[in-house]
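Engineer: My questions concern the predicted model and sequence given below.
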Amino acid sequence: MKTFPILLCAMATLLTACNHGRDAAIRKILPGDWHVEMAGGGKSESTYSPTGDFKCHVTFADGKDMNMSGRYEVKGGFLIETVTSATPPVVMRFQIIQSDDRDLVVEKDGVKTTIKKT
């Protein structure tokens, strides 16, 4: 019975190490320009810097647009964006489902989105 807590602790440590390695790999490929073609005809263009800053320009299907900027981090399998250009700042958390050097699939509120490197 004493082995169960040790096994549970070992599994938690292994999962944390795997997540940490995956986070580091994503942090390495994320800097650069990315875009999303939104349903209904809009689009989003984002630039992530190696220093943790981001800026984003969104064009909606009706032609209106919006700019955002702030800080980002990759932690625990999530892309976390803090929009500092909003008052008060807004924090958005996107679960990273899949990633490679050209595509990043994220999920927020049950909606999956593919972000493509430009």
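Structural biologist: Alright, I've got the coordinates.
Engineer: drop to CA atoms for contacts and neighbour counts, all remaining ones
Structural biologist: Noted.
Engineer: And the residue nearest the centre of the chain, how far from Val90?
Structural biologist: For the chain, the residue nearest the mean C-alpha position is Leu79 (2.6 Å; CA atoms, centre = their mean). From Leu79 across to Val90, the span is 14 Å (CA to CA, to the nearest Å).
Engineer: What helix or strand is Phe54 located in?
Structural biologist: strand 53-59 (DSSP states H and E).
Engineer: what packs against that strand?
Structural biologist: Judged by 3 or more CA pairs under 8 Å, 6 or more residues apart in numbering; DSSP states H and E, the packing partners of strand 53-59 are strand 43-48, strand 65-75.
Engineer: what's the angle between it and strand 43-48?
Structural biologist: 170 degrees (axes from the mean of the first three to the mean of the last three CA atoms, to 10 degrees).
Engineer: For strand 53-59, which strands pair with it and how are they oriented?
Structural biologist: Here strand 53-59 has these sheet partners by DSSP bridges: strand 43-48 (antiparallel), strand 65-75 (antiparallel).
Engineer: what's the following helix or strand after the last one?
Structural biologist: Once strand 65-75 ends, the next helix or strand along the chain (criterion: DSSP H and E) is strand 78-83.
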